[in-house]
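Q: The following comprises the amino acid sequence and a computationally predicted model.
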Amino acid sequence: MDSKLAIVLIIVAAIAGYFAGGMGSDKPAEPTATATTPAPKPQADDKKIPDKAKESSNTLAAVKNKGFLSCGVNTGLPGFSAPDSSNKWTGIDVDVCRAVAAAVLGDATKVKYTPLTAKERFTALQSGEIDILSRNTTWTHTRDTSLGLNFAGVNYYDGQGFMVKKALGVKSAKELDGAVMCIQAGTTTELNLADYFRYNNLKYKSVTFDTTDQTREGFEANRCDVLTSDQSQLYGLRTKLNDPDSAIVLPEVISKEPLGPSVRQGDDAWFNVVRWTLSAVINAEELGVTSQNVDQMKSSNNPEIKRLLGVTGDMGAKLGLDGSWALQAIKQVGNYSEIFERNVGSGSPLKISRGLNALWNKGGIMFAPPIR
Amino acid sequence: MSATENGWQPAPDLPPPSSSVGIIGWIRQNLFSSPLNIFLTVVGLYIIYKAGVPILDWVFWSADFSGEDQSACTSGGACWVFVGQRLSFFIYGFYPESEYWRINVLFVLLAVLIIPQMIPAFPHKKWLGWFFLVGFPIVSYVLLLGGSFSLPHVETEKWGGLMLTLVISFVGIVFALPLGTLLALGRRSDMPVIRAICVGFIELWRGVPLISVLFMASVMLPLFLSEGAHFNKLLRALIGIVMFQSAYMAEVVRGGLQAIPKGQYEAAAALGLGYWRSMGLVILPQALKLVIPGIVNTFIALFKDTTLVLIIGLLDILASVQAAITDPAWSAVAAEGYVFTAVAFWIFCFGMSRYSQGLERRLDTGHKKR
C-alpha cells in the first residue's frame, strides 16, 4: 500500500471512528427517558439569564411536571443509602429525597433513585440526569465553587475517626504512636491521616486495602492495630466484626466531613426548596413536631409551629409549594431525630449516637435557620 | 471354519485377572503403578482431604439453611440464610414484588426456548431459534418495561440483580453477532470506503477498554448532549457494550471467513450467485460453523464482562450482592454472597460452553482432527 492511500485510509478511519462514537447519542431514547425530559420553559423570554442557567432554572417545575423526583444515591452505604431487606432504598440520604418529594409532590414515594458511584455523581447532577444529589457527599470549597453545584445544607456531620482493638488499651488517638493502620485506598482518609500524624509528631505504618470489607477483614485478622475511616462507617464496620465488643471507636475526629444534599448551581428556586425542606425537618425536631403528632400540632399555639405547618403565613407559597409542604415532609418521613434514629441511630444496627448531630441546643451543632 | 467342522473348539479365553480390570485395575494401573506414583497419589489424596473436607463442611455440613436473620447462623459454617433472605433482591433487584411474575414468565420462556435446542430430534427448532433471536427480545422488552397492555410501567432504574445481568448479556449477544458479522464482511470488502469504515470501527472499539467505554457512556456522553436531552443510563451502557462486543465478534467471524478456501467463493460465483446470496448460502454457514468455539468464547467473556456495569452504578447480580453484604444487620456474610454469585455465573457460563460443544458435534464440519 503506498503512503498516500494509507493517509487517506487513516483519515477515513478517523471520520468513521467519530461517527461510531457519536452513534450512541443518535439513538432515540427509550420511553422511560422521555419522561425525564424537563417541562417546557414557561418564562423563557422575560428573564435575562444565560441559556444554560435558564434550562436548569426550572427544576421545580420539571419535577412537578414529571411527577417524580430523580435522586442520586450511593450504591450501598448502610445507614445512608442502601437497599433494605424488602428491596427498598433506605437511609438518611434517601430520606432527604423522600422529604423533598413529600414537600414538592405531596408523596414521599414518588422518588426515582439512581445509584451512583463516587466518580459519576457530579456528572449525573450537572447533566440533569438527577434533580438532587444526596450521596454522602462532603461539602468542600472545591466542590461548591468549581463543580457547578450548590450544597443545600448538611444532613450529617461526619469526621474521620479511629477504631482500635480494645485489648490495646488505647483511650485517645494521641497514644497511637507507631501504630499500624488499615486504610481504604483512594480515599481522602490517607491524606487526613498523614496530616494529623505529622502535625502531632506521631509515626505510623499503613496497610491499604481496596474495599471496605477487605479493610475490616484486615483489621479482624490483626494485620493492623487501628482502622481509620469516616466515623459513620466505623460504627457500621464495628457491627460487622465477629466480636463487636472487642473494638472501640476513639472519640477523636481528625477531619470535618459535613455531608449534605446538593443541587445544580444557578437554580435558586430549587435550591431553596431543598434547603428549606431540610431545615423544616430539623426545625420540626426542635419544635417537638413528629410524624406521629403532626396533625395535633396544627392546633398548637406556638406561632413557629403554626408557620411551619402552614396554619398561618404563606411559607409554602414563597417556595412555590403547597402550604402543607413541611407538614407532608414531616408526616411522611419524620423530623430529623426520627430520620436519624431510624437509619443510623438507636433504631438501626449502627447505633450511632447523635454526637455532633445533636441539635445546637442539646450539645450538637445541628442548626437550622428559623422558618419565619 | 475348519475348526468347527472338525468339532474342535478352542477353550474360551480366560477373563483377565481381576486385578487388571475394572476399578481396581484402573487404580492399580493409573494411581499405584510405581513407587513415585504411589507417593504422589497419597500426597494428592491428603491435599484433597485437607482442602476439600473443610470446604464441604463450610458449604454443607455445618452451614445454616433455614431461618430469618443473623440469629439463625450459629453453627459456624456458611450462612445461607442470608442468601435465602435476600434472594429476591439478587434475582429481581428493585423490581416491584407484585410484578415479579413478569420476570418469572420470561425465565420460563427462556428455558422453554433453550431446552429444545439441546435436544437434537426436536422438531421446528429453526423457528424456535428465530423466535428466540427476534421474538423473545420484543416480548422481553414489552414485559419488563411495561407501560403497554395495561402492564404498569417499571423504569429501568428498578431493574437489577440476575435479571439485569441476563438482559445486558442477552442484548449484547443478540446484537453483537449480526453486527459483528456485517463488520467482518465489510472489512473484507473490495469497496475501500466500506472497508475503511469497518476497520476504523473495529480498531477504535477494540482499542479501548470496556471500562472506559462504560465511563464514556455514563459520565461523558451526558455532558455532550444538550441539557434535558439525556437518555436512559441502561440504554447508554447497552449501546456501549454492543459496540464493544461487535468489534470483537467481527474479528472472530473474520477468522472464519479467512479459513474458507478460495474455491468456495469461486464455486458460488460460478453458480451465478450474487454477493449477498453467495455469502448467505455458501460462505457464512461454513465460516460461522468453523468459529463456534470463538463465538461462544466471546459470549462467555461478554457475560462475565457485564459485571463491569457496577462501576457505573447499575446493580447487576454482583453489585446487588455487594450492596447487600454491607447490610449491618448481617455480620460477615461476604463469602456467602460471593460464592453464590460465582455459582450463578458458573452455571450460565458452563451451560453456554456445553451448548456450544453440542452444536459443534451436530454441525460437524469435517475439519476436525480425528
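A: Structure's in. What do you need?
Q: So what touches stretch B:19-28?
A: Applying CB atoms under 8 Å, 6 or more residues apart in numbering or on different chains, the contact partners of stretch B:19-28 are B:15-16, B:18, B:29. (Each C-beta comes from the backbone N, C-alpha and C, glycine too.)
Q: measure residue B:33 to residue B:46 for me?
A: 19 Å (CB to CB, to the nearest Å).
Q: Over to residue A:152?
A: Relative to residue B:46, residue A:152 is positioned 64 Å away (CB to CB).
Q: And residue B:225, by the same measure?
A: 62 Å.
Q: Show residues contacting stretch B:78-86.
A: So stretch B:78-86 is contacted by A:85, B:58-59, B:63-70, B:72-73, B:90, B:324, B:330, B:333, B:335-337, B:339-340 (CB under 8 Å, 6+ apart).
Q: Which one's more surrounded, residue A:152 and residue B:46?
A: Set residue A:152 next to residue B:46 and count neighbours by other CB atoms under 10 Å in any protein chain shown: residue A:152 wins out with 26 against 10.
Q: The more buried one is in contact with residue A:262, isn't it?
A: Yes: the pair residue A:152 / residue A:262 is scored as a contact, 6.4 Å apart, by CB atoms under 8 Å.
Q: joint contacts of the two?
A: Common neighbours of residue A:152 and residue A:262 (CB under 8 Å, 6+ apart) are residue A:132.
Q: near chain B, which residues of the stretch 201-350 of chain A show up?
A: A:212-213, A:217, A:236, A:239-242, A:244, A:348-350 (CB under 8 Å from any CB of the partner chain).
Q: Among those residues, give me the pair with the biggest separation.
A: The largest distance within those, taken as CB to CB, falls between A:217 and A:348 and amounts to 22.7 Å.
Q: Looking only at neighbour counts, state which of these two leads.
A: Neighbour comparison, residue A:217 and residue A:348: the larger count goes to residue A:348, with 22 against 18 (by other CB under 10 Å).
Q: Against residue A:118, how distant is the spatially closest residue to residue B:307 that is not a sequence neighbour?
A: Once flanking residues are discounted, residue B:307 sits nearest to residue B:318: 4.5 Å by CB to CB, 6 or more residues apart in numbering or on different chains. Distance, residue B:318 to residue A:118, using CB to CB: 18 Å.
Q: out of those two, which sits in the busier spot?
A: More crowded of residue B:318 and residue A:118, by other CB under 10 Å: residue B:318, with 24 against 14.
Q: Smallest gap between the stretch 251-372 of chain A and chain B, at which residue?
A: Closest residue of the stretch 251-372 of chain A to chain B, CB to the nearest CB: residue A:349 (3.9 Å).
Q: how deep is that residue tucked in, by neighbour count?
A: Neighbour tally, residue A:349, other CB under 10 Å: 18.
Q: got a pLDDT number for it?
A: What the model reports for residue A:349 is a pLDDT of 84.
Q: how about the nearest residue to it, chain neighbours excluded?
A: Nearest non-adjacent residue to residue A:349 (CB to CB, 6+ apart): residue B:328, at 3.9 Å.
Q: quick one: that neighbour and residue A:79 touch, right?
A: Yes: between residue B:328 and residue A:79 a contact is recorded at 7.4 Å, counting by CB under 8 Å.
Q: residues contacting residue A:83?
A: Residue A:83 makes contact with A:76, A:89-90, B:89, B:94, B:315, B:320, B:323-324, according to CB under 8 Å, 6+ apart.
Q: likewise residue B:249?
A: With CB under 8 Å, 6+ apart, residue B:249 has these contacts: B:176-177, B:179-181, B:183-184, B:295, B:298.
Q: isn't there a strand covering it?
A: No: assigned with DSSP: H, G, I helix; E, B strand; the rest coil, residue B:249 falls outside any strand and is helix.
Q: Have a look at chain B and report the helix or strand with the lowest mean pLDDT.
A: Using mean pLDDT, DSSP states H and E, the weakest-scoring helix or strand in chain B turns out to be helix B:2-5, at a mean of 56.
Q: next helix or strand past that helix?
A: Next in sequence after helix B:2-5, counting helices and strands by DSSP states H and E, comes helix B:22-30.
Q: Okay, residue A:180 and residue A:244: tell me how far apart.
A: Taking CB to CB, one finds residue A:180 at 21 Å from residue A:244.
Q: I'd like the domain boundaries of the chain, if you could list them.
A: As the question left the chain open, I've gone with chain A. A:51-157+A:258-362, A:160-255 (automatic domain parsing).
Q: wrong one, I was asking about chain B
A: Split into domains by automatic domain parsing, chain B comes to B:97-154, B:165-317.
Q: Can you tell me which of these is most buried?
A: domain B:165-317 (a mean of 19; mean count of other CB atoms under 10 Å in any protein chain shown).
Q: May I have the distance across that domain, first residue to last?
A: 6 Å (CA to CA, to the nearest Å).
Q: what separates that domain from the chain centre, distance-wise?
A: 16 Å (CA atoms, centre = their mean, to the nearest Å).
Q: of residue B:328 and residue A:79, who's got more company?
A: Using other CB under 10 Å as the criterion, residue B:328 and residue A:79 rank with residue A:79 on top: 26 against 20.
Q: What are the neighbouring residues in contact with residue B:350?
A: For residue B:350, counting by CB under 8 Å, 6+ apart, there are no contacting residues.
Q: What's opposite the nearest residue to residue B:90 once chain neighbours are set aside in the beta bridge?
A: The shortest distance from residue B:90 to any non-neighbouring residue, by CB to CB, 6+ apart, is to residue B:161 (5.0 Å). When assigned by DSSP bridges, residue B:161 has beta-bridge partners residue B:316.
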